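Participant: Show me how the following folds:
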Amino acid sequence: MKPEKKSLPAIIRTNCLNQALIDRFLDDFWSERGVSRNTLASYERDLRLLCHWLDERGGTLDQASRGELLEYLAIRVRDGAKAATTARLLSSLRRFYRWQVRENKRKDDPTAQIEAPKQGRHLPNTLSEAEVDALLNAPDTDNPLGLRDRAMLELLYATGLRVSELVSIRLGELSLQHGVIRITGKGGKERLVPMGEEAHDWIQTYLRDARPTLMQSKAITEDVFVTTRGSGMTRQMFWVMIQRYAVEAGIVRHISPHTLRHAFATHLLNHGADLRVVQMLLGHSDLSTTQIYTHVAQARLKDVHREHHPRG
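Facilitator: Predicted coordinates:
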């Protein structure tokens, strides 16, 4: 009989021998970079899992060797970790060991001679304009929940927000008069995002006709998008919601909230938008991150040519 595998959450809940060191690293990393809670949680998860693995083998995180790290990465790959996941894990370890060297906690960086796995260019999953229309029209806007959902979908497609940014919008960050939203993105960076006329009208209608009904006499919250319990929407709730509407819209492949962000960027470029404008709207710090969408747009153009040109 095979030994039962420990679930990941159970492993993370217990401290490892170098937990205090991990906590100090995370504190320093947060104070220097001002990263999001999700980013910090990702780094902590990576380091604690490695720490536990080393503890079980008589090693320690602070004194890990290059050979131990290579073995750990190989095990993760053997267990199904993709190249992108492995590269992200290695990035977490690099930051930690470089911090150790900088703080004079050790002399060498064991990740210095470890190469990141080569990643093929992954084109993001997106939707055609017809599929987006079908998705946006899926909610029943004759009831408050459907009106809320339509407003959220319209805003997500009109702005390209991350889902975490969408569900975090507060009433004070929304300017219907000027048609813009103040968004706090990754690293605490703020940007103003125009919402467009269509999304503006749906948000206005939702705030007037649906949000007061959903709130009723429940505790007051500043969140724009609320549930029938009077609390703010969560990423998980929105993910389930968009999956349901995708089925109703006849979209057979898997989509997520990020799919509408991809569609936003791709459709802008298809209609001639400047790449740097799209970069600012998406809140990308590096233009190279945005450039992936030019490949999506080019792939779409090739599909259109192949479908409609007599010699395609």
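
Participant: List the contacts of Ser164.
Facilitator: Residues in contact with Ser164 (CB atoms under 8 Å, 6 or more residues apart in numbering) are 36, 38, 235. All C-beta atoms are positioned from the backbone trio N, CA, C, and that covers glycine.

Participant: Can you tell me which of the residues you listed is nearest Lys186?
Facilitator: The nearest member of these to Lys186, counting by CB to CB, is Ser36 at 5.7 Å.

Participant: residues contacting Arg191?
Facilitator: When contacts are counted by CB under 8 Å, 6+ apart, Arg191 is found next to 182-183, 185, 280-281, 283.

Participant: Show me those residues that map onto strands.
Facilitator: Taking DSSP state E as the definition of strands, these contribute 182-183.

Participant: Just send the contacts of Arg191 back as a markdown table, with distance to Lys105 and pLDDT too.
Facilitator: Output for the contacts of Arg191, formatted as a markdown table (distance: CB to CB, whole Å; pLDDT from 0 to 100):
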| residue | distance to Lys105 | pLDDT |
| --- | --- | --- |
| Arg182 | 40 | 91 |
| Ile183 | 37 | 86 |
| Gly185 | 32 | 75 |
| Met280 | 39 | 70 |
| Leu281 | 41 | 74 |
| Gly283 | 34 | 69 |
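
Participant: Could you save the contacts of Arg191 as CSV and add columns showing neighbour count?
Facilitator: Below are the contacts of Arg191 laid out as CSV (neighbours: other CB atoms under 10 Å):
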residue, neighbour count
Arg182, 14
Ile183, 20
Gly185, 18
Met280, 13
Leu281, 21
Gly283, 21
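
Participant: Point out the least confident member of the contacts of Ser164, please.
Facilitator: For those, the weakest pLDDT value sits at Ser36, with 73.

Participant: How about that residue: what's its closest non-neighbour residue?
Facilitator: Lys186 (5.7 Å; CB to CB, 6 or more residues apart in numbering).

Participant: tell me the pLDDT at the nearest residue to Cys16 once chain neighbours are set aside?
Facilitator: Spatial nearest neighbour of Cys16, excluding adjacent residues (CB to CB, 6+ apart): Cys51 at 3.5 Å. Here the pLDDT value assigned to Cys51 is 91.

Participant: element containing Cys51, please.
Facilitator: Element membership of Cys51 [criterion: DSSP states H and E] is helix 37-56.

Participant: re earlier: tell me which of the contacts of Arg191 is nearest to Ser65?
Facilitator: Gly185 (37.7 Å).

Participant: Pretty sure the residue nearest to Ser36 sits against Arg37.
Facilitator: No: checked against CB atoms under 8 Å, the pair Lys186 and Arg37 is beyond contact range at 10.9 Å.
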